[in-house]
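Visitor: Turn this into a structure:
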Amino acid sequence: MLRILGKIQRIGIITEPVPTIGERVLSEIGEQLKSHIGERFGGSLAIREVDAGSCNGCELEIQMLGNPYYSIERFGVHFVASPRFADMLLVTGPVSRHMEEALRRTYAATPEPRLVIAVGACGADGGEFGVSYASCGAVANVIPVDAVIRGCPPTPLDLMSGILEAIGKR
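Guide: Below you'll find the model as predicted:
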């Protein structure tokens, strides 16, 4: 243990600097999101996130939306555990054959009018997995998709902007 502590003392703490994201940009996107949600969804947007076979990179970024910095709930966006209470499905990953039927059932359980957003390069077009014996590829190959948020993985600001864009289309 002393050897490890000595090494830490000699080398110091090695981390990447925290990326600077303009608080102003985050607030602008958030306020636009809040106003669109107020107009179209009565003040609250319920999202059901579905992992259809991803590497979990997109899920990590989606989880960041709930942290104190982004705090997407302050803008009226809530993640729900059941598709029966959701206004929007946020689907990540290439749809694996094992998740194909589950995704269809989740889509069917989500009440109308519903929005579906495919997240990440894998959700958009299958990514490096494509269509194979184990993968259906893009989310659009299984259920209708209203919007796509590209990136591998997309940043939390990209996710907020994509949700805003999808709501604006409706």
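Visitor: pLDDT weak spots in this structure?
Guide: The model of the chain has pLDDT under 70 over residues 18-19, 21, 170.
Visitor: for it, longest strand please?
Guide: Secondary structure assigned by DSSP state E gives strand 45-51 as the longest strand of the chain.
Visitor: Give the next helix or strand downstream of that one.
Guide: helix 57-64 (DSSP states H and E).
Visitor: what about that next one, distance to the chain center?
Guide: Centroid separation for helix 57-64 versus its chain: 6 Å, with Cα atoms, centre = their mean, to the nearest Å.
Visitor: and the helix or strand just after it, what does it pack onto?
Guide: Sequence order places strand 77-79 as the next helix or strand after helix 57-64, per DSSP H and E. On a contact count with 3 or more Cβ pairs under 8 Å, 6 or more residues apart in numbering; DSSP states H and E, strand 77-79 meets strand 45-51. The way it works is simple: take the backbone N, C-alpha and C, and place the C-beta from them, glycine included.
Visitor: tell me the angle of the strand it packs on relative to helix 57-64?
Guide: 150 degrees (axes from the mean of the first three to the mean of the last three Cα atoms, to 10 degrees).
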